[in-house]
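K.L.:
How does the following fold in three dimensions:
(chains A and B)
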Protein chains: 2
Amino acid sequence: MVAGQRKVLAVVEPASDFGQIDRRALIAAAVGLSLAPGVALSAQPDAVPQIQVGMLVHPDMVLLDLVGPQTVMSLAMAQVHLVGKTRAPVSTDVGVAIAPTTTFVDAPKDFDVLFVPGGLKGSIECMKDPEVMAFMADRGSRARYVTSVCTGSLVLGAAGLLKGYDATSHWYVRDLLATMGARPKHGRVVTDRNRITAGGVTAGIDFGLTLAAALRGEDFAKKIQLTLEYSPEPPFRAGTPEEAGPAMTGDVLARRAPLIAAAREAAEAAARRA
Amino acid sequence: MVAGQRKVLAVVEPASDFGQIDRRALIAAAVGLSLAPGVALSAQPDAVPQIQVGMLVHPDMVLLDLVGPQTVMSLAMAQVHLVGKTRAPVSTDVGVAIAPTTTFVDAPKDFDVLFVPGGLKGSIECMKDPEVMAFMADRGSRARYVTSVCTGSLVLGAAGLLKGYDATSHWYVRDLLATMGARPKHGRVVTDRNRITAGGVTAGIDFGLTLAAALRGEDFAKKIQLTLEYSPEPPFRAGTPEEAGPAMTGDVLARRAPLIAAAREAAEAAARRA
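P.N.:
Okay, here's the model as predicted:
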């Protein structure tokens, strides 16, 4: 399947006012914009190339890791598939269960974007699960973009998808990427060829806009940013270890030590499998 | 019920690794911090004052409006109630349905925090719904903090909860607050006495941290910020009308004109009721 052949009417699903209005609003902007290489642009005013996004959903994931990018991709008129091992709703950090829309068996064979959200405990379980690893390695081998937010990059790494790539993760496990053959980099959103990995949790919004610009062009991404009123003003400067200082950072790290140790073991096991 | 009397063990619910670890991690930080006035601090090392947060969930809401504040409040060890008109899952802009955890009938009578997410279409329906209005007016009359993100402030305004208060909303409907007796203010997070309203969608994270500091103290809020790695780096400067410029702003506004007109009608109707 070639991306350029997948053209559908832009309004592809029943959507809320927010999504639907935006989809309509952005059609005109999309047509005529320069899109990513390989995506032919239809001359039909009501058609834009469809973008297939596969988002892994896993038990214990951090919901905000998912919803930031999902919101941006929805406004970018992508078709988002929430891919679960089964159709059973998965738990999240905030206690809200999320129902997958498809499964490893039923998911599209080819995604434009493969994405993994984080959540350390859930990511570790994914790293140890042969079914998850096989699915990620397969879809990741053909996706136009292979992406993650937060500790989701540990899942990509364990599936062998970051070998020889610059990549990042949540600050407290970033160094573990090296164990699996990646080059860990500081950076809120790190792009190396078609791998785009982002830092912890809230980096998903910066990531989403970066990806939207790659898929739909910069003007389109800016309209999404305006729609989401993304002009952040954090009330404090404490979002990185450098900003928070060693005492606060050490405290957060110490209290996560058991999970970080488990992630290190899972990374080492993955490296031995490779 | 007095807030200071509501003390429970901090780990109040089965939570994911992310939430649970954070709850445990933050207990020590919470104990000994200066909390909001009126919240007595227990001498028990394992106990922190429980915070009851009621979040209205309504059909067509913008999921990110909810999940940003919900994530921060979860890390602040609050007990979050997703309050629906019924227990039927409500639709959201990204196509994910969210199940309320309680209803108008069954919800706690007193909340420390009453919160409304936005989504323009859903907010308009709330403004016109006598049951929603009655619930909001009742709980809002006693909540320690009455809060919103995005167009959720239109719902507060329609329920008469912003009369004589500074408030903000998503930039494209902010001026409608004046119709309902509020003083519309520019500002990502606007605090006036116990009303805290925030701008569009992504402002929910800034709002959440501001609220967490009010409830748990600034050090606690900073640890949450570090955990969420909230050190934003938007790839573009287009998150406000001022940043995006008149052409892009006009385009987004024009395409939302029917919904904004409907919101104006609902605001005028609410003003006539008052």
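
K.L.:
Which parts of the stretch 1-150 of chain A are helices?
P.N.:
Taking DSSP state H, counting those that start in this stretch as the test, the helices found in the stretch 1-150 of chain A are A:17-30, A:63-75, A:120-127, A:130-142.

K.L.:
hey, which of the ones you listed is tucked in deepest?
P.N.:
helix A:63-75 (a mean of 30; mean count of other C-beta atoms under 10 Å in any protein chain shown). Just so you know, the C-beta spots here come from the backbone N, C-alpha and C atoms, and that holds for glycine as well.

K.L.:
can you give me the angle it makes with helix B:63-75?
P.N.:
With axes from the mean of the first three to the mean of the last three C-alpha atoms, to 10 degrees defining the directions, helix A:63-75 sits at 170 degrees from helix B:63-75.

K.L.:
Quick one: distance of helix A:63-75 to the chain centre.
P.N.:
Computed by C-alpha atoms, centre = their mean, to the nearest Å, the separation of helix A:63-75 from the middle of its chain amounts to 8 Å.

K.L.:
now swap in stretch A:227-235 and tell me
P.N.:
The answer for stretch A:227-235 is 20 Å, by C-alpha atoms, centre = their mean.

K.L.:
what does stretch A:250-269 give?
P.N.:
That offset, for stretch A:250-269, works out to 22 Å (C-alpha atoms, centre = their mean).

K.L.:
For the helices of the stretch 1-150 of chain A, please prepare TSV with the additional fields distance to residue B:135 and mean pLDDT.
P.N.:
Compiled in TSV, these are given as follows (distance: least, C-beta to C-beta, whole Å; pLDDT from 0 to 100):
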stretch	distance to residue B:135	mean pLDDT
helix A:17-30	22	39
helix A:63-75	25	98
helix A:120-127	35	97
helix A:130-142	42	98
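
K.L.:
Rebuild those as JSON lines, extending it with distance to chain B.
P.N.:
Putting the helices of the stretch 1-150 of chain A into JSON lines (distance: least, C-beta to the nearest C-beta, whole Å) gives the following:
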{"stretch": "helix A:17-30", "distance to chain B": "3"}
{"stretch": "helix A:63-75", "distance to chain B": "5"}
{"stretch": "helix A:120-127", "distance to chain B": "3"}
{"stretch": "helix A:130-142", "distance to chain B": "17"}
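
K.L.:
mind checking which of these is nearest residue A:265?
P.N.:
helix A:120-127 (8.5 Å; C-beta to C-beta).

K.L.:
Run through who's touching that closest one.
P.N.:
A:56, A:58-62, A:116, A:132-133, A:136, A:151-152, A:154-155, A:158, A:170, A:173, A:256, A:259-260, A:262-263, A:266-267, A:269-270, B:16-18 (C-beta atoms under 8 Å, 6 or more residues apart in numbering or on different chains).

K.L.:
Which residues are in contact with the nearest residue to residue A:92 once chain neighbours are set aside?
P.N.:
Spatially, and ignoring its direct neighbours in sequence, residue A:92 is nearest to residue A:63 (4.0 Å; C-beta to C-beta, 6 or more residues apart in numbering or on different chains). Residue A:63 is in contact with A:92-94, A:96, A:98, B:67, B:70-71, counting by C-beta under 8 Å, 6+ apart.

K.L.:
The same query, at a cut-off of 7 Å, please.
P.N.:
For residue A:63, the contacting residues are A:92-94, A:96, B:67, B:71, by C-beta atoms under 7 Å, 6 or more residues apart in numbering or on different chains.

K.L.:
tell me which of the residues you listed is nearest to residue A:224?
P.N.:
residue B:67 (17.2 Å).

K.L.:
need the strands for the stretch 51-200 of chain A, in chain order.
P.N.:
A:51-56, A:78-84, A:102-103, A:113-116, A:145-148, A:166-167, A:183-184, A:189-192, A:195-198 (DSSP state E, counting those that start in this stretch).

K.L.:
As CSV, these with mean neighbour count, distance to chain B and mean pLDDT would be great.
P.N.:
Putting the strands of the stretch 51-200 of chain A into CSV (neighbours: other C-beta atoms under 10 Å in any protein chain shown; distance: least, C-beta to the nearest C-beta, whole Å; pLDDT from 0 to 100) gives the following:
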stretch, mean neighbour count, distance to chain B, mean pLDDT
strand A:51-56, 25, 11, 98
strand A:78-84, 22, 7, 98
strand A:102-103, 14, 13, 98
strand A:113-116, 29, 13, 98
strand A:145-148, 27, 13, 98
strand A:166-167, 24, 15, 98
strand A:183-184, 18, 15, 98
strand A:189-192, 20, 7, 98
strand A:195-198, 27, 9, 98
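
K.L.:
could those strands go into TSV alongside distance to residue B:182?
P.N.:
Output for these, formatted as TSV (distance: least, C-beta to C-beta, whole Å):
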stretch	distance to residue B:182
strand A:51-56	38
strand A:78-84	36
strand A:102-103	44
strand A:113-116	39
strand A:145-148	41
strand A:166-167	46
strand A:183-184	48
strand A:189-192	37
strand A:195-198	37
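
K.L.:
Out of those, flag the one nearest residue B:88.
P.N.:
Of all these, strand A:78-84 comes closest under C-beta to C-beta, at 20.4 Å.

K.L.:
relative to helix A:63-75, how tilted is the closest one?
P.N.:
150 degrees.

K.L.:
what's in contact with strand A:78-84?
P.N.:
With C-beta under 7 Å, 6+ apart, strand A:78-84 has contacts from A:12, A:50-57, A:70, A:73-74, A:90, A:98, A:100-104, A:107-108.

K.L.:
Can you tell me which residues in the stretch 101-250 of chain A are near chain B?
P.N.:
Taking C-beta under 7 Å from any C-beta of the partner chain as the measure of proximity, the stretch 101-250 of chain A contacts chain B at A:119-121, A:170-171, A:188, A:199-203, A:205-206, A:209-210, A:213, A:218, A:221-223, A:225-236, A:238-240, A:243-244, A:248-249.

K.L.:
Can you flag the buried ones in those residues?
P.N.:
A:119-121, A:170-171, A:188, A:199-203, A:205-206, A:209-210, A:213, A:218, A:221-223, A:225-232, A:234-236, A:238-240, A:243-244, A:248-249 (16 or more other C-beta atoms under 10 Å in any protein chain shown).

K.L.:
Report pLDDT for residue A:257.
P.N.:
pLDDT recorded at residue A:257 is 95.

K.L.:
and if you look at residue A:274?
P.N.:
So residue A:274 comes in at 80 (pLDDT).

K.L.:
Could you do residue A:173 as well?
P.N.:
97.

K.L.:
again with residue A:76
P.N.:
The model's pLDDT for residue A:76 equals 96.

K.L.:
circling back to that earlier point, which members of the residues of the stretch 101-250 of chain A next to chain B occur in strands, if any?
P.N.:
For these, not one is inside strands, with DSSP state E as the criterion.

K.L.:
quick check: angle from the longest helix along chain A to helix A:130-142?
P.N.:
Secondary structure assigned by DSSP state H gives helix A:257-273 as the longest helix of chain A. Inter-element angle recorded for helix A:257-273 and helix A:130-142: 60 degrees (by the same axes, to 10 degrees).

K.L.:
so does helix A:257-273 get close to chain B?
P.N.:
Yes: using C-beta under 7 Å from any C-beta, helix A:257-273 reaches chain B at residue A:259.

K.L.:
Residue A:58 against residue A:90, yeah?
P.N.:
Yes: proximity of residue A:58 to residue A:90 meets the contact threshold set by C-beta atoms under 7 Å, at 6.1 Å.

K.L.:
returning to that earlier point: buried subset of the contacts of helix A:120-127?
P.N.:
A:56, A:58-62, A:116, A:132-133, A:136, A:151-152, A:154-155, A:158, A:170, A:173, A:256, A:259-260, A:262-263, A:266-267, A:270, B:16-18.

K.L.:
Could you report the neighbour count for residue A:264?
P.N.:
Residue A:264 is flanked by 15 other residues according to other C-beta atoms under 10 Å in any protein chain shown.
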